[in-house]
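# Got a predicted structure here, sequence first:
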Amino acid sequence: MSLLSNYLSIRKLSEKICEPLQIEDYVVQPIVDVSPPKWHLGHTTWFFETFILKPNLIAYQEFDINYNYVFNSYYETVGARVIRTDRGNLSRPTVADVYKYRAHVDEAMESFLCREPEESVRELLILGLNHEQQHQELLRYDIKYILGHNPLFPAYANEHIEQDLKVEEEAWLKVEASVYEIGYEGNDFCFDNELGSHKVYLPDFQISASLVSNAEYLEFIKDKGYQDFKHWHADGWDWVNTNKIMAPLYWHFVGGEWLRYDLAGGLKPIKLEDAVTHISFYEASAFASWKGMRLPTEFEWEIAAQKLNWGKLWEWTESAYLPYPGFSKAPGAIGEY
């Protein structure tokens, strides 16, 4: 697939994700961690305008100079911006304006990509495409949060769109003690937090080869796991009590039964055979402690993942988010990303 075809395909997918939304859904920001879908569509467009078109296409006409303030996320190098908590307070630009903005930038990008860009620009463009794919993930779970916290529990789509999360039969993978290579060494794209290839020593360990099921997690709830402080990190225990957490996100106890919201709308019985979803690091860590185990480290996970069927869900580790040895951030605004 050519760079232009890949660009257009990824850009169209962002809009396809938003097709089922009503106009009111585009502007909602129920919590600071959720951004309105309209903002995601504008911000990903701003990235290409700011880092590809304005520096490299001489004849490019900026769509609206004020959008730099509205759709900048956190790039101090680029300038001032709307604070994150205010993204849902902006009725303008309208949703229609944002789609016009996307069309304007896409038309300019098509013109720009008629010729093969310089390698440095190509690398930046590929970063921008991966950035948009990140926001496609964000769009999906922000949309679910917006709809799932509406008391009407509206449907995102009428057809069944939830992925198959049936848990495989329990199995354990043994990993022998050794010195292992960690970090990415290939030539294809990777995010910079995967760079800094280095060696680590890992003692023998075993790791579950299957995801945790709803049935297993329900046993944790029934055993008053959310009421027993000894399984929780101190800040996790504060989080549970401050926010009155009793179960995973989107679970509701109704009429003596646990139900869940999904994107087909409404509340449905928990599928016991499915993998548990929408739990925080704190909850994952507490569950592991309750089982008499722990979460893997980042390094244990990276080595074990080479032999596991992974990728259905986010897997929590107990490691802090820290750079690998030898990490060097990119210069300028991209280094902030």
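Looks like it came in fine.

# What's the local residue count around Q306?
Per other CB atoms under 10 Å, the neighbour tally for Q306 reads 9. The way it works is simple: take the backbone N, C-alpha and C, and place the C-beta from them, glycine included.

# Show the pLDDT at it.
The model reports Q306 with a pLDDT of 94.

# Could you report the distance from it to A288?
From Q306 across to A288, the span is 22 Å (CB to CB, to the nearest Å).

# try V95
Following CB to CB, the distance that separates V95 from A288 is 43 Å.

# D238 too?
19 Å.

# P203 too?
Remark: distance between P203 and A288 (CB to CB) = 18 Å.

# More neighbours: which of these two?
Taking other CB under 10 Å, P203 and A288 do not tie; A288 has more neighbours (19 against 9).

# can you give me the helices for the chain?
Applying DSSP state H to the chain gives helices spanning 3-18, 37-48, 54-56, 67-71, 95-112, 119-148, 214-222, 234-243, 281-290, 298-305, 332-336.

# just the ones you listed: most buried one?
Stretch with highest mean neighbour count among the helices of the chain: helix 37-48 (a mean of 24; mean count of other CB atoms under 10 Å).

# outside of that one, which residues touch it?
Residues from elsewhere that reach helix 37-48 (CB atoms under 8 Å, 6 or more residues apart in numbering): 14-15, 18, 21, 25-27, 35, 67-68, 70-73, 87, 90, 93, 95, 98-99, 101-102, 105, 109, 125, 128, 131-132, 135, 138-139, 142-143, 146.

# okay, the closest residue to P325 other than its chain neighbours: pLDDT?
Once flanking residues are discounted, P325 sits nearest to H198: 4.8 Å by CB to CB, 6 or more residues apart in numbering. On the pLDDT scale, H198 is placed at 95.

# My guess is H198 contacts G326. True?
Yes. The criterion here is CB atoms under 8 Å, and H198 meets it with G326 at 6.8 Å.

# more crowded one of those two?
Higher neighbour count among H198 and G326: H198, with 13 against 10, using other CB under 10 Å.

# who does that one bridge with?
Counting by DSSP bridges, H198 is bridged to I182.

# Now do the same contact list for it.
Per CB under 8 Å, 6+ apart, neighbours of H198: E181, I182, G183, Y324, P325, G326.

# for L295, same thing?
Taking CB under 8 Å, 6+ apart, we find L295 in contact with A284, S285, A288, W316, T317, E318.

# please redo it, this time with the cut-off set to 6 Å
S285, A288, W316, T317, E318 (CB atoms under 6 Å, 6 or more residues apart in numbering).

# and if you look at S197?
Contacts for S197 were tallied using CB under 6 Å, 6+ apart; they are G183, E185.

# Could you rerun that using 7 Å?
Shown in contact with S197 (CB atoms under 7 Å, 6 or more residues apart in numbering): E181, G183, Y184, E185.

# Can I have the buried ones of those as a ChimeraX selection?
Selecting only the buried entries of those in ChimeraX, with 16 or more other CB atoms under 10 Å as the criterion:
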select :183,184
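
# quick one: which of the contacts of S197 is nearest K224?
Minimum distance to K224 across the contacts of S197 is 41.2 Å, recorded for G183 (CB to CB).
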